[in-house]
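Participant: 3D, please:
(chains A, B, C and D)
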2 protein chains.
Amino acid sequence: MPDRPRRRIPEATVSRLPVYLRILNELAAEGVDHVSSDRLAELAGVNAAKVRKDLSYLGSYGTRGVGYEVSYLVYQVQRELGLNHEWPVVIVGAGNLGQALSGYGGFGQRGFPVAGIVDVDTSKIGSVIGGVRVRHIDDLPQIVASRQVSIGVVAVPGASAQDAAERLVRAGVTSILNFAPVVLSVPRGITVRKVDLALELQILSYYEQRRAGTLHAVPGQGKSASA
Amino acid sequence: MPDRPRRRIPEATVSRLPVYLRILNELAAEGVDHVSSDRLAELAGVNAAKVRKDLSYLGSYGTRGVGYEVSYLVYQVQRELGLNHEWPVVIVGAGNLGQALSGYGGFGQRGFPVAGIVDVDTSKIGSVIGGVRVRHIDDLPQIVASRQVSIGVVAVPGASAQDAAERLVRAGVTSILNFAPVVLSVPRGITVRKVDLALELQILSYYEQRRAGTLHAVPGQGKSASA
DNA sequence: CATTGTGAAGCGTTTCACAGCC
DNA sequence: GGCTGTGAAACGCTTCACAATG
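Facilitator: As a prediction, the model looks like this:
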């Protein structure tokens, strides 16, 4: 590992880097070796200036008049995102969602292997999901320590989510991906991101209702693009 | 239906209203009848001024010196979000994710009943998930029309997601919740929101890596709060 | 000469600070 | 006295526009 990130990258940019990365990987798979900010912007559904500014935070990796070399940019983005090594995750909650997440397989393929799944429900313990055996939640500290886990996934009902988060933090996890529909309260320095279906649907509901009233165009998280 | 929304509400505010709504519902369930912006802010993990400004877009529903009446505010927020009636959704993709989403039940409970699930895979057709029978994707237009569906959920692999989105749009859907890890290209006026696990994990990876390098605090999507 | 990299302007969001009101 | 509602300041992000350059 040669060097650590130095520059401070805007949050908005950080959340777009994974999108660029995915597109770059697709381009690489297609054998494309160079790409312009214009093309990348089109594929990512954003403005070209934004792509250039975003990438400029990583360094000057483009060539004027030519564009960006795909493979080199893939490497740089991965390095910036810390994707050069694996980040084992531990899933709390072996219900529907925990099982789906664990069985899905996409985690491991993308560098986030499931180091463990835990649940409070002793009836679930021992069953194997996606190749991982469900263990008791009291084993959390041991799993986190032995597998050097720093990311925890909260996949329990809302009522237990705060407790799950606290257990994760106590066990030594410093980042949490929260699927429960609650606002987690965590100590400073712990990063929490949430994925909340009902919330997303309710936001869509708002724009649908607006559409019904006045027939105007509507924003779409900045994620929509024209064909 | 007395009136339609008039004021233009900032996107950032719209995405916080569901959070307030959930908290308000919890407070109501606990028998709390009034709440201050300070308290609401604490529970939502945001700044009190933000709560007041957000709520002020709905109208002046607070009482100076007292706070907001919980039940009245619940009503107003729901109305603003268009949650006074149900929004049936159609799910495209009856794989792991589609099944989990449909079986989960939270959709229906929150006013988004599953009007149908469709798949291209004929071997999946006919099976019943969460009380809904899986139908062929060619039935989409019929389902959307007969059940007045305006929201579609894309739960297919990345490679088929664009096609799924196009079918939804052709069938008459105007909002899409996309779980596939691709940027959907849709006509203007169609709202797309995405839920992307890998992306969230990669963002966490970035902050984890930073933490490893320099020991500083880190943002958390603005969603974290101190205990 | 196409395309990057970037100051500077523009814009939306957050936060402050306090007048207004119950 | 306590809390809302809101102008205005501060901030961060986006977009423009163009000089720099392979």
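Participant: can we go C-alpha only for contacts and neighbour counts from here?
Facilitator: OK.
Participant: for chain A, what spans make up the helices?
Facilitator: Along chain A, the stretches classed as helices by DSSP state H are A:11-29, A:37-44, A:48-56, A:70-81, A:96-104, A:106-109, A:140-147, A:158-171, A:197-213.
Participant: What is the longest one packed up against?
Facilitator: Taking 3 or more C-alpha pairs under 8 Å, 6 or more residues apart in numbering or on different chains; DSSP states H and E as the contact definition, the neighbouring helices and strands of helix A:11-29 are helix A:37-44, helix A:70-81, helix B:197-213.
Participant: and the angle for the second one with helix B:197-213?
Facilitator: Read that as helix A:70-81. 60 degrees (axes from the mean of the first three to the mean of the last three C-alpha atoms, to 10 degrees).
Participant: quick one: helix A:70-81 near DNA strand C?
Facilitator: No - for helix A:70-81, no contact with DNA strand C is found by C-alpha under 7 Å from any atom of the strand; the gap never falls below 10.2 Å.
Participant: So for the lowest-mean-pLDDT helix or strand in chain A, what gets flagged as buried?
Facilitator: Per-element confidence for chain A was summarised using mean pLDDT, DSSP states H and E. The lowest value among helices and strands belongs to helix A:106-109, with a mean of 84. Buried positions in helix A:106-109, judged by neighbour count with 16 or more other C-alpha atoms under 10 Å in any protein chain shown: A:107-108.
Participant: do the same with stretch A:151-162
Facilitator: Under 16+ other C-alpha under 10 Å, the buried positions of stretch A:151-162 are A:151-158, A:161-162.
Participant: Tell me which of the helices of chain A sits nearest to residue B:192.
Facilitator: The closest approach between residue B:192 and any of the helices of chain A, judged by C-alpha to C-alpha, belongs to helix A:197-213 at 8.1 Å.
Participant: Can the closest one be said to contact chain B?
Facilitator: Yes - with C-alpha under 8 Å from any C-alpha of the partner chain as the criterion, chain B is reached by helix A:197-213 at A:198-210, A:213.
Participant: Please produce a PyMOL select command covering the buried subset of those.
Facilitator: Restricted to buried positions by 16+ other C-alpha under 10 Å, the PyMOL selection for the residues of helix A:197-213 next to chain B reads:
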select buried, chain A and resi 198+199+200+201+202+203+204+205+206+207+208+209+210
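Participant: Domain ranges for chain A, per the record?
Facilitator: Using automatic domain parsing, the domain parsing of chain A gives A:11-81, A:89-199.
Participant: highest average neighbour count across these?
Facilitator: The highest mean neighbour count among the domains of chain A, using mean count of other C-alpha atoms under 10 Å in any protein chain shown, belongs to domain A:89-199: a mean of 20.
Participant: now that one: how far from the chain's centre is it?
Facilitator: The chain centroid and the centroid of domain A:89-199 are separated by 14 Å, computed with C-alpha atoms, centre = their mean, to the nearest Å.
Participant: Quick check: end-to-end length of it?
Facilitator: Across its full length, domain A:89-199 reaches 24 Å between end residues, using C-alpha to C-alpha, to the nearest Å.
Participant: cool, stretch A:53-68 as well?
Facilitator: 13 Å.
Participant: can that stretch be found next to DNA strand D?
Facilitator: Yes - counting by C-alpha under 7 Å from any atom of the strand, DNA strand D is contacted by stretch A:53-68 at A:53, A:63-65.
Participant: repeat for stretch A:25-38
Facilitator: No - among the residues of stretch A:25-38, none lie within reach of DNA strand D under C-alpha under 7 Å from any atom of the strand; the closest is 10.7 Å away.
Participant: picking up where we left off before, reformat the residues of helix A:197-213 next to chain B as CSV; add pLDDT.
Facilitator: Supplementary listing: these in CSV, determined by pLDDT from 0 to 100:
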residue, pLDDT
A:198, 94
A:199, 97
A:200, 97
A:201, 97
A:202, 98
A:203, 98
A:204, 98
A:205, 98
A:206, 98
A:207, 97
A:208, 97
A:209, 96
A:210, 93
A:213, 75
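Participant: Identify, from the residues of helix A:197-213 next to chain B, the entry nearest to chain B.
Facilitator: Taking C-alpha to the nearest C-alpha as the measure, residue A:206 is the one of these closest to chain B, at 4.4 Å.
Participant: got the CA coordinates for stretch A:133-147 in PDB?
Facilitator: Output for stretch A:133-147, consisting of C-alpha atoms alone and laid out as PDB, is shown next (Å, rounded to 0.1, in the frame of the first residue of the first chain):
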ATOM      1  CA  ARG A 133     -23.800 -20.100   9.600                       C
ATOM      2  CA  VAL A 134     -26.100 -18.000  11.700                       C
ATOM      3  CA  ARG A 135     -24.700 -17.300  15.200                       C
ATOM      4  CA  HIS A 136     -25.900 -15.800  18.400                       C
ATOM      5  CA  ILE A 137     -25.800 -12.000  18.700                       C
ATOM      6  CA  ASP A 138     -23.500 -12.400  21.700                       C
ATOM      7  CA  ASP A 139     -20.800 -13.700  19.400                       C
ATOM      8  CA  LEU A 140     -20.700 -10.300  17.700                       C
ATOM      9  CA  PRO A 141     -17.600  -9.000  19.500                       C
ATOM     10  CA  GLN A 142     -15.800 -12.200  18.700                       C
ATOM     11  CA  ILE A 143     -16.700 -12.100  15.000                       C
ATOM     12  CA  VAL A 144     -15.800  -8.500  14.700                       C
ATOM     13  CA  ALA A 145     -12.500  -8.900  16.400                       C
ATOM     14  CA  SER A 146     -11.400 -12.100  14.700                       C
ATOM     15  CA  ARG A 147     -12.400 -11.100  11.200                       C
END
